[in-house]
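**Student:** Quick one, what's the 3D model for this:
(chains A and B)
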Amino acid sequence: MKKLTDILEERVSQAIKEVCGQAYPAMVRAAADGRFGDYQANGVMAAAKAVKSNPRQLAERVVAAMEIADLCEPPEVAGPGFINLRLKDSFLAERLLGMHRDAARLGIDKAETPKTVVVDYSGPNIAKEMHVGHLRSTIIGDCIARLYEYAGHTVIRQNHIGDWGTQFGKVILALWHICMAENLHKTEKPYYDLNLPDDQNATVFFNQIVNRHQNDWCADSKFVEGDGELYFRPFLDEFSLRSKTLWPVLLKAYQYVNLLDEAFKGMKRTIKTREKIENGQFVYKEISYESLSRYITYMLQQGGQDNEQERKAWSCVKEITMQHCAEIYKLLNATLEHPRDTRGESDYNDKLPQIVIDLKARGLATESDGAICVFPEGFKNKEGDPLPFIIQKSDGAFLYATTDLAALRYRLHGIEYQGQNYQADRVIYVTDARQALHFQMLFATAKLAGWVKDGVVLEHVTFGTMLGEDGRPFKTRTGGTVKLKDLLDEAIERATAVVEKKNPDLPAEQKVNIAKAVGVGAVKYADYANNRNSDYVFSFDKMLAMEGNTAPYMQYAYARIKSIERKATGKDVDIEKELAGIASMTLAEPAEKDLAKLLVRYDQAIAAAMAECRPNYLTGYLYDVAQAFSRFYTTCPVLTADPESRPARLLLCDLTARTIRHGMSELLGIEVVEQM
RNA sequence: GCGCUCGUAGCUCAGCUGGAUAGAGCAACGGAUUUCUAAUCCGUAGGUCGCAGGUUCGAAUCCUGCCGGGCGUGCCA
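**Tutor:** Modelled structure (predicted):
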């Protein structure tokens, strides 16, 4: 079905055009106040100004010229020139029935011209657990992807994971430590399980570790010293089979390597390493222990056969991390589990030099203080000088600006996705607001480079910070970052307690499912319900409250409807038959009418949420629906209603349930439950 | 300094390209349950929309200035 507001807009605009001799938008909106009608057209006042006539009189003439009797009661002119529209019962009924007939899409059409939309979101880092900082990007991005997909566009999700940086040497080292602990120190407690000594004994302790490290390295030799063929390679070969159990160990070992790195700053310890040279021979050299992880990173980034173990280790770590992320995505109901949706920094690695070469060749990038920079117009630094977008550091290394440029070019020029080639019409980045300047410069640079065709939209969808109840960034009591898993587990735990209290007689398995839906749903919904631009205060108590604009409230409304459906047969009500028999309906009760009028606005709510990538427009709408339903529920009995009014009430229940289910489950990725 | 962003009821927040008397929830107070899940509903009270100008028939919304918070601002991401 055509969008309701579009239909009204068209009719009123047509009348304005007839009266004024020129087109002006009718600006049809849902009425601010029910007493003014259902919709109001605000455009006449602006049109009156343009044609220099009295707005009230113009409105009268527009009303006279308007052909809308099939849709609305006779329109009224009010105030300075508003036109108030009240939907005819017959038209309202027609819309409701149209929604009812279209089970899959609730009467909402797909976009006439489907676009290719890239949504870049979540972006976790390798070898780290997802934490609360990833929550907003993941779920807001997911909602945007779902919205565009539902609207009929081709959505390409891009999880731009942080899998290529200076920390990878450390991660590989951590993996190696695990391997050595398992093979050479079976009887001892691994170092990464030990508490570190205090300052006094630290030097001795750390020296022991380096010595052991050196000895281990020498011991792991089969063909030549330190080739890692004895232990490390077999370890890596079997890694996949054990990845699940190794994940927590890796996290610990990685932390431990970080500690070592800190501890060895300035200690001037050296350690032996090897490097393969041209003729196939190894050369050995001593490097400072401090720089070991950087050295491994260097080897990794060199690529090639000689550094195969580093690459293998790296890909093992990537695999294990993505398994962890997939679990979180599954729990969150984020549609980002498929490997094709992940394309991280490393995928662009070999494209980076060319990006710099191209930009230099076009004269866009220049050298400044040793770094290669683009200076897009309009960006200034503290001194008022042009602000650089640095694409290559003075030491020759590339940075995230370079990677982002490569990724953007890939998205604009040709994406390989499910065996087809796409070019993005729209690229949406979902990251926190602190990166706004970076993306402005990124987009400006891409435009300077001529990569962005006319009509292509680059968009940075920002969001604010999650705050604790003290109003400061959300942290654990000890000041650490909160793991996403822990956060969700706690939400589920709290929800379990509520379910247990409210509905102890449900089967255990069902209670588990309800607690998960309610707990995770509460966290997601609370985030969605906030204007994404503002920082928001995270509170379990508020989001799990059953009152107010919360997931449980929505889920409860849905469960009540399902309960009516279950009880129908016991009261000799054949819902399907009654729904099928509806040809027209009268909605006598105000609560019925209010609910009905809200239901036909679903298309508008989705359009608004999509236009500005604001999930809170959708939650706001769904909350209105749920509230209207709750009022209806208390004043209008359904199953025991008169045979004349019952079919309409059943229809309202059915549409409410489907709207809530669709909005919550399909668009927000929040499960609804049959009982709670 | 400059840029971005926020400032709305005691608290947490909505407010959809400017639209009529600014809305929810919590907290407070009062009411509703022999009837489909009271995890609900109804009512009362609570606001100089940070401040001051400006544009407009009309401003929480747009513009300017100021005040206050957060973030960013050349080799981290």
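**Student:** Domains in chain A, by residue range?
**Tutor:** Following automatic domain parsing, chain A resolves into domains at A:4-87, A:168-324, A:484-667.
**Student:** which stretch of helix or strand covers A:Ala253?
**Tutor:** helix A:239-263 (DSSP states H and E).
**Student:** who's in contact with that helix?
**Tutor:** With contact meaning Cβ atoms under 8 Å, 6 or more residues apart in numbering, helix A:239-263 is reached by A:127-129, A:170-171, A:173-175, A:177-178, A:190-193, A:196, A:202, A:206, A:209, A:290, A:293, A:316-317, A:319-320, A:323-324. Yep, even glycine has a C-beta here, placed from its N, CA and C like the rest.
**Student:** Need the mean per-residue confidence for stretch A:446-462.
**Tutor:** Mean pLDDT, stretch A:446-462: 96.
**Student:** In that stretch, which residues are buried?
**Tutor:** For stretch A:446-462, a neighbour-count test (16 or more other Cβ atoms under 10 Å) marks A:Ala446, A:Leu448, A:Ala449, A:Trp451, A:Val452, A:Val456, A:Leu458, A:Glu459, A:His460, A:Val461, A:Thr462 as buried.
**Student:** before we move on, what about stretch A:235-245?
**Tutor:** Using 16+ other Cβ under 10 Å as the test for burial, stretch A:235-245 gives A:Phe235, A:Leu236, A:Phe239, A:Ser243.
**Student:** same deal with stretch A:62-69?
**Tutor:** Within stretch A:62-69, the residues that count as buried by 16+ other Cβ under 10 Å are A:Val62, A:Val63, A:Met66, A:Ile68.
**Student:** From A:Ala32, how far out is the second one?
**Tutor:** Going back to what we said before, that points to A:Val63. 19 Å (Cβ to Cβ, to the nearest Å).
**Student:** for A:Arg233, same thing?
**Tutor:** Taking Cβ to Cβ, one finds A:Arg233 at 71 Å from A:Ala32.
**Student:** So those two - more neighbours on which side?
**Tutor:** A:Arg233 (18 against 10; other Cβ atoms under 10 Å).
**Student:** three-state assignment of the more buried one?
**Tutor:** Here A:Arg233 takes the helix state, with states given by DSSP: H, G, I helix; E, B strand; the rest coil.
**Student:** Quickly, which of the domains of chain A bottoms out on average pLDDT?
**Tutor:** Taking the mean pLDDT of those, domain A:168-324 comes last: a mean of 87.
**Student:** can you give me how far that one is from the chain middle?
**Tutor:** 35 Å (Cα atoms, centre = their mean, to the nearest Å).
**Student:** try stretch A:49-56
**Tutor:** That offset, for stretch A:49-56, works out to 46 Å (Cα atoms, centre = their mean).
**Student:** Quick one: check that stretch for contact with RNA strand B.
**Tutor:** Yes. Interface with RNA strand B: stretch A:49-56 contributes A:Lys49, A:Pro55 (Cβ under 7 Å from any atom of the strand).
**Student:** Using PDB, list the CA coordinates for that stretch.
**Tutor:** Provided in PDB are the C-alpha atoms of stretch A:49-56 (Å, rounded to 0.1, in the frame of the first residue of the first chain):
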ATOM      1  CA  LYS A  49       3.200  33.800   2.100                       C
ATOM      2  CA  ALA A  50       4.800  32.900  -1.200                       C
ATOM      3  CA  VAL A  51       1.700  34.000  -3.200                       C
ATOM      4  CA  LYS A  52       1.100  36.900  -0.900                       C
ATOM      5  CA  SER A  53      -2.400  36.100   0.100                       C
ATOM      6  CA  ASN A  54      -4.300  35.700   3.400                       C
ATOM      7  CA  PRO A  55      -3.500  32.300   4.800                       C
ATOM      8  CA  ARG A  56      -6.900  31.600   6.300                       C
END
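**Student:** List, one by one, the residues from the stretch 451-600 of chain A near RNA strand B.
**Tutor:** Residues of the stretch 451-600 of chain A lying near RNA strand B by Cβ under 7 Å from any atom of the strand: A:464-465, A:467, A:471, A:498-499, A:502-503, A:514, A:518, A:529-531, A:533-537, A:539, A:542, A:545-549, A:552-553, A:556, A:559-560, A:562-564, A:567.
**Student:** What about the residues you listed, which are in helices?
**Tutor:** Under the assignment DSSP state H, these contribute A:498-499, A:502, A:514, A:518, A:529, A:542, A:552-553, A:556, A:559-560, A:562-564, A:567 to helices.
**Student:** can I get the domains of chain A in JSON lines with distance to A:Ala334?
**Tutor:** JSON lines is the format used below for the domains of chain A (distance: least, Cβ to Cβ, whole Å):
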{"stretch": "domain A:4-87", "distance to A:Ala334": "31"}
{"stretch": "domain A:168-324", "distance to A:Ala334": "13"}
{"stretch": "domain A:484-667", "distance to A:Ala334": "9"}
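**Student:** So which of those domains is nearest A:Tyr148?
**Tutor:** Nearest to A:Tyr148, of all the domains of chain A, is domain A:484-667, at 6.8 Å by Cβ to Cβ.
**Student:** Please consider this matter closed, and thank you.
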